[in-house]
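Trainee: let's see this in three dimensions:
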Amino acid sequence: MLELDVASTPDLLSQFAGIIPLACHLASPRYAFQLVGAAALTHRLSVSMFPRLGVFKNIATLLKEGPQFFDRVGSLGTQEVWDVSWGSTFPCANGAASTIVASYAIQQSRRRETAQTSASGNASRQFVEGSMARGVEGTTIATNASRGSFQSSRLEKEGSISSSMVEKVASPEFYRGQELHVLQVSRRQPNISWYCKVIESVHVQNLAYLALIGCAAVMAFCQLYATMAALLIGVLSKIACRFTNIQKPLSFLENNEKHDACMLVAAHRNASVWYLYIGDRGVVDHLLNKDMVRVEPRSALLANYFQLAHILQVIAMAFAAAHRGWDGAVMVLMMLVSWFAEWEFEDRHLAKHWMNKHGIGVEARSFHFGRRTQMICAIHSFSGARSRQWMDSIIVPSLRRDTLLDRLGISATAPQTTSETLLAPSDEAQICQQKAQVETAVEIIKRAVAGMEDA
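Mentor: Residues are numbered from 1 along each chain as shown. The predicted structure follows:
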């Protein structure tokens, strides 16, 4: 039997190699959140070859608790949803999955903008500043790229509105930046790459498992027992994940309404970053409001196995740290190889594969507002909704708010008891300014959405 000389291992290297797996491989609550998001998008449980400590325990808990685990872990990153069309408010049902998809869409949008900016040589962002002064007709739009001012009519002719814009609508005395990401969701033709089909093939996965078991045998021959144990646990856990019963719910991604969705999402009602989902209601409703997975009850044998795998993994990591030899160094090397090989578990690849598999397109555009009132009123005007109930928890009903909405041509479903004669002169001036800014913002958003639909 081949035996590596532990004494020949440099002392400093062996100490660092032994402690790195324990120090860098501890799971945080975020990994349970990611586990739920990955399961919702792939409809299966997957683990890497060297999962972090605690992942096996989370899987065991998931198999024992079922839907309760998804509800509890999903609440760690709870987001609030406002259905602009229906006026209802509810917590996001799939916070992890929606976060993965939204982040991927926004990153893709920014990459396209960077590429277009590099090709055109212009600034990547434009600043849209609305001003409403007495005696001045129309809305002035200033672009930072050209450092000039253009009337809105000239802007319409030249079509110089870019996909990502910053709207400064606040006065110098008060500014509260609000970032709005508009996500246009649509249906497309499913397109699964041949590479993903090969990776998901059962025969290819079986060959990979056999190769990993052969590597474990070589490690045992070299007396690298901790690395061998960790590798075998990873292979057996991958095989065990095949027997978990996580399925798509009935009527998955089907639309039970005849209109498109318009739902606003944020971490809470006092947030600074907002996400507006528009487009196909079947996709948006399942992503934000309905279950994306259905966990069927299974035998407790699988849950007990993952609980045992968690204990054995801790023992293997602790043995490598205590042994302070080549075992720890080889384990670190195998962990690095595993991290590079397990690219499919990255959020961007999960989102891309889910969208390609189900034929879903998500285009994103970003806007910046100087005040929350202008942003919420612009969303309400853009949606065409009549009920104002959805925004009551964000902007408290008041004479100034209702007057602004009335002047924007948005009639409430319920009769309003307020009167514009009660407005103070300062409120009147502010409403006139806000009205011009909201109308400009709505026009910009409509143009951006039209560009996304044509893409």
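Trainee: where's residue 379 relative to residue 356, distance?
Mentor: 30 Å (Cβ to Cβ, to the nearest Å). No exception for glycine: its C-beta is placed from N, CA and C like everyone else's.
Trainee: compare the two (neighbour count), which wins?
Mentor: residue 379 (27 against 17; other Cβ atoms under 10 Å).
Trainee: state the distance from the spatially most central residue of the chain to residue 196.
Mentor: The C-alpha lying nearest the average C-alpha coordinate of the chain belongs to residue 99 (Cα atoms, centre = their mean; 1.9 Å). Noted for residue 99: a distance of 22 Å to residue 196, by Cβ to Cβ.
Trainee: over to residue 409?
Mentor: Residue 409 is 48 Å from residue 196, by Cβ to Cβ.
Trainee: more neighbours: the two, which one.
Mentor: Higher neighbour count among residue 409 and residue 196: residue 196, with 15 against 8, using other Cβ under 10 Å.
Trainee: the more buried one: which element?
Mentor: Assigned by DSSP states H and E, residue 196 falls within helix 194-199.
Trainee: for that helix, C-alpha coordinates in PDB please.
Mentor: Only the C-alpha atoms of helix 194-199 are listed here, as PDB (Å, rounded to 0.1, in the frame of the first residue of the first chain):
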ATOM      1  CA  TRP A 194     -27.200  20.300 -25.800                       C
ATOM      2  CA  TYR A 195     -24.700  20.800 -23.000                       C
ATOM      3  CA  CYS A 196     -27.500  20.900 -20.400                       C
ATOM      4  CA  LYS A 197     -29.100  17.800 -21.900                       C
ATOM      5  CA  VAL A 198     -25.800  15.900 -21.700                       C
ATOM      6  CA  ILE A 199     -25.200  16.900 -18.100                       C
END
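Trainee: what ranges do the helices span in the stretch 1-150 of the chain?
Mentor: For the stretch 1-150 of the chain, the helices defined by DSSP state H, counting those that start in this stretch occupy 11-24, 29-42, 55-65, 67-74, 95-120.
Trainee: would you list these in JSON lines and tack on mean pLDDT and distance to residue 422?
Mentor: Shown next, in JSON lines, are the helices of the stretch 1-150 of the chain (pLDDT from 0 to 100; distance: least, Cβ to Cβ, whole Å):
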{"stretch": "helix 11-24", "mean pLDDT": "60", "distance to residue 422": "63"}
{"stretch": "helix 29-42", "mean pLDDT": "83", "distance to residue 422": "48"}
{"stretch": "helix 55-65", "mean pLDDT": "89", "distance to residue 422": "55"}
{"stretch": "helix 67-74", "mean pLDDT": "80", "distance to residue 422": "45"}
{"stretch": "helix 95-120", "mean pLDDT": "83", "distance to residue 422": "41"}
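Trainee: format those helices as a markdown table; extra columns: distance to residue 273.
Mentor: What follows is these, written out as a markdown table (distance: least, Cβ to Cβ, whole Å):
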| stretch | distance to residue 273 |
| --- | --- |
| helix 11-24 | 30 |
| helix 29-42 | 18 |
| helix 55-65 | 28 |
| helix 67-74 | 19 |
| helix 95-120 | 10 |
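Trainee: now do the contacts for residue 310.
Mentor: Contact partners of residue 310, counting by Cβ atoms under 8 Å, 6 or more residues apart in numbering, are 53, 54, 56, 57, 60.
Trainee: if we use 6 Å, what do you get?
Mentor: Counting by Cβ atoms under 6 Å, 6 or more residues apart in numbering, residue 310 touches 56, 57.
Trainee: so how far is residue 448 from it?
Mentor: For residue 310, the distance to residue 448 (Cβ to Cβ) stands at 48 Å.
Trainee: how about the secondary structure of residue 440?
Mentor: helix (DSSP: H, G, I helix; E, B strand; the rest coil).
Trainee: could you measure from it over to residue 367?
Mentor: Relative to residue 367, residue 440 is positioned 11 Å away (Cβ to Cβ).
Trainee: residue 363 bridge partners, please.
Mentor: residue 184 (DSSP bridges).
Trainee: what about it, how many residues nearby?
Mentor: 21.
Trainee: so it touches residue 450, yeah?
Mentor: No - applying Cβ atoms under 6 Å as the test, residue 363 and residue 450 come out as separate, 11.3 Å apart.
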